[in-house]
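**Q** Okay, predicted coordinates and the sequence, questions at the end:
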Amino acid sequence: MALVGERVRSPFIESLKKEIHAHPAMTHSFLKKFGEGKIKAEAGKIFAEQYYQYSKHFSRYLAAVISIIPDEPARQPLIKNLFEEYGGRSEEQKGMDLELVHANIFRKFCKAAGANLETAKTFPETSLFVERYFHFSELHFVEALGALGPGTEYIVPFIYKPIYDGLKKKGYSEDDLLFFSAHITLDVEHGENIWDSIEPYTRSAENQQRIRNGAMYVLDARKVLWDGLERACCL
């Protein structure tokens, strides 16, 4: 299941990609139901309130991983990703733009969904998911790269597409869904950037296991997140 712009990597990475695609976080019935529009009328609001608890801190997760990487070449692609999280596009010679900060774009979706961001109760499944990300700085840096790269950025185009499709079926506009459509495209590049950071560390079996462990660390938690959202959102 290759995407436009996705490069073929080493046998280890290609094998890990296959394992990721088979993970329950990627094959979850929540994604299937949501993509088919088999969701409650208030599903957009519920999803917005829960996912915001994760999305609003994403630049912090990214900065935490950057802070523990000892090698400058491995940090560089992630610093570019962080710049783009704040609305910058180096290829277009555009600086950071608060209007295009990804958390702000998500808040626009939240507003369209009628989400109560200040008063909504966070599900236990959501709390577990977010807590995993706040522990990145405690991981070995190679494991953290596995969590942020193959466990997170790499999968975004695949998991956001059914969410985008389901919300579109419920009448949300393209402007409302910019957060999802932008990430479906942009995170192909972000995923590739982090693979570039990871690849030099894949030469030892020990680091390969660390990368895999990191990916599973967050994928397992995302499966739990989907469990909670399926219960609340789906018919």
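**A** Sure, I can see it.
**Q** Can you give me the buried ones in the helix-or-strand element of the chain with minimal mean pLDDT?
**A** The weakest-scoring helix or strand in the chain, judged by mean pLDDT, DSSP states H and E, is helix 178-198 (a mean of 84). Using 16 or more other C-beta atoms under 10 Å as the test for burial, helix 178-198 gives 178-180, 183-184, 186-198. (Glycine included, C-beta is placed from N, CA and C.)
**Q** Give the other helices and strands that that helix contacts.
**A** On a contact count with 3 or more C-beta pairs under 8 Å, 6 or more residues apart in numbering; DSSP states H and E, helix 178-198 meets helix 72-85, helix 102-113, helix 141-148, helix 156-169.
**Q** please redo it, this time with the cut-off set to 6 Å
**A** For helix 178-198, the contact count by 3 or more C-beta pairs under 6 Å, 6 or more residues apart in numbering; DSSP states H and E identifies helix 72-85, helix 102-113, helix 156-169 as packing neighbours.
**Q** so what does the top helix by length along the chain touch, helix or strand wise?
**A** What stands out as the longest helix in the chain, according to DSSP state H, is helix 205-233. Contacts defined by 3+ C-beta pairs under 6 Å, 6+ apart place helix 205-233 against helix 24-27, helix 29-35, helix 43-55, helix 124-134, helix 141-148.
**Q** if we can go back for a sec, can you tell which of the helices and strands packed on helix 178-198 is closest to Y51?
**A** Y51 lies closest to helix 102-113 among the helices and strands packed on helix 178-198, at 7.6 Å (C-beta to C-beta).
**Q** what distance separates the closest one from the centre of its chain?
**A** 16 Å (C-alpha atoms, centre = their mean, to the nearest Å).
**Q** what's the answer for stretch 46-58, then?
**A** 11 Å.
**Q** Please enumerate residues in contact with that stretch?
**A** Residues outside stretch 46-58 that contact it (C-beta atoms under 6 Å, 6 or more residues apart in numbering): 103, 106, 110, 113, 115, 117, 120, 122-123, 126, 130, 232-233.
**Q** Got a ChimeraX select line for the buried ones in the residues you listed?
**A** Entered in ChimeraX, the line below selects the buried ones among the contacts of stretch 46-58, by 16+ other C-beta under 10 Å:
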select :106,110,113,115,120,123,126,130,232,233
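**Q** Quick check: end-to-end length of stretch 148-157?
**A** The first and final residues of stretch 148-157 sit 14 Å from each other (C-alpha to C-alpha, to the nearest Å).
**Q** for the closest residue in space to R222 that isn't next to it in sequence, what are its contacts?
**A** In this structure, R222 finds its nearest non-sequential neighbour in A25, 4.2 Å apart by C-beta to C-beta, 6 or more residues apart in numbering. Shown in contact with A25 (C-beta under 6 Å, 6+ apart): L219, R222, K223.
**Q** distance of the second one from A41?
**A** What that stands for is R222. Distance, R222 to A41, using C-beta to C-beta, to the nearest Å: 25 Å.
**Q** Looking at those two, which one has more neighbours?
**A** Legend: neighbour count by other C-beta atoms under 10 Å for R222 and A41, higher for R222 (22 against 7).
**Q** Now G166: closest residue in space, sequence neighbours ignored.
**A** Spatial nearest neighbour of G166, chain neighbours left out: F34 (4.0 Å); criterion: C-beta to C-beta, 6+ apart.
**Q** contacting residues for F180?
**A** Per C-beta under 6 Å, 6+ apart, neighbours of F180: Y160, Y164.
**Q** So what's the residue count around L148?
**A** 29.
**Q** per-residue confidence at S90?
**A** For S90, the pLDDT comes out at 57.
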